[in-house]
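Peer 1: Mind looking at a prediction? Sequence and model below.
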Amino acid sequence: MIRFPGPGELAATVAENWLKSLRGDSSDAPYHVALSGGRITQAFFASIVAGCERQKAPLERVHFFWADERCVPPTDPESNFAVAQRLLFGPLGISESHIHAINGAIVPEAAVAQVVEDVRRTIPLDGRQQPVFDMVFLGMGEDGHVASLFPEESEEAGRDAAIYRPVTASKPPPRRITLGYAALAAAKQVWVLASGQGKEQALRNSLLENPVTPLGRVLKMRQNTLILTDVPEADPGDDLPIS
C-alpha cells in the first residue's frame, strides 16, 4: 500500500511510475492494459498525457481495454470510453486499432460477445482460458466495489468464470458490463487507485482477513496487488514503494 496526501499526487505518481515501467521494458511485444472510470481517472489520464509530453513513452505497443463500461452510447458523458477518448487517446493520438472499446450502445449480451471475441483474439490466455492482462487499473467505490463488481452480487455470481459479463449496478447507470473476478485474478499486475472521501471503512473492510467487499475478494484471489490511496488511516502497516 502507498499513501498520498491527495488525489493530484496520487494520479501523478501512478502515471509517472507506469510510464517509467513502459520505458524501461525493452520488449516490443504488445502490452495489454484495462482502464477503469471514476473521478480519479480524469486526473490520472491528464498525468499520463503530461508525462508523455515531457518524455516520450512507447505507447504504440499498448492495447487499451476496459475493466468495465456503462451501457450507454460512446458519446455519452457517462461512458468510460468517452472520458478516455477526450482526455487520453485524443491528446496522445492513440491508434484506433489499439482501442478495444466495449460497445455500450447495443444489447449488453451482444456487447459482451464482441469484446470477449476481441480479447481472445488479442490477449494471451492462461490455462483456465482467462486473458493475461499486463496491467489492470481499478478504482474503488464507497462500498468497496471495483470495476462494476458490486457487493450486492450473490456468491454464485462471484464465482462466474466469464471474462466479461453484464451486471445490474446499485448506482446509476444501472446496466453495465464488467470484467469478472477470474480475469482480474489472472492479470500480471493490478493497481488500485483508491481515492476520495468516505471510503475509509470500505478500504478497511477490504483488508480484513475475511473481506466482505469486491476489492477484498480480488485481493484474496491474487498473490500481489498494489493499492495506491489518499484515504487516511486505511491500514496500520508500513507504506511500501512501487516496485
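Peer 2: Ah, there it is.
Peer 1: How about the host helix or strand of A157, which residues are buried there?
Peer 2: Using DSSP states H and E, A157 falls within helix 155-158. Neighbour counts over helix 155-158 (16 or more other C-beta atoms under 10 Å) mark no residue as buried. Where C-beta positions appear, they are placed from N, C-alpha and C, glycine not excepted.
Peer 1: for stretch 148-156, what is the average pLDDT?
Peer 2: Taken as a whole, stretch 148-156 carries a mean pLDDT of 90.
Peer 1: What's the end-to-end length of it?
Peer 2: By C-alpha to C-alpha, to the nearest Å, the extent of stretch 148-156 from end to end equals 16 Å.
Peer 1: State whether E117 is indeed within a strand.
Peer 2: No: looking at E117 with DSSP: H, G, I helix; E, B strand; the rest coil, it is helix, so not inside a strand.
Peer 1: A111 versus that one, what's the distance?
Peer 2: 11 Å (C-beta to C-beta, to the nearest Å).
Peer 1: do G38 as well
Peer 2: From G38 to A111 the distance is 20 Å (C-beta to C-beta).
Peer 1: thinking again about what came up before, right, and the helix or strand after the helix holding A157?
Peer 2: By DSSP H and E, the next helix or strand past helix 155-158 is strand 164-168.
Peer 1: Counting neighbours, what do you get for A162?
Peer 2: 16 (other C-beta atoms under 10 Å).
Peer 1: Identify the spatial nearest neighbour of M221, chain neighbours not counted.
Peer 2: Distances taken as C-beta to C-beta, 6 or more residues apart in numbering put A185 closest to M221, at 4.0 Å, once the chain neighbours are dropped.
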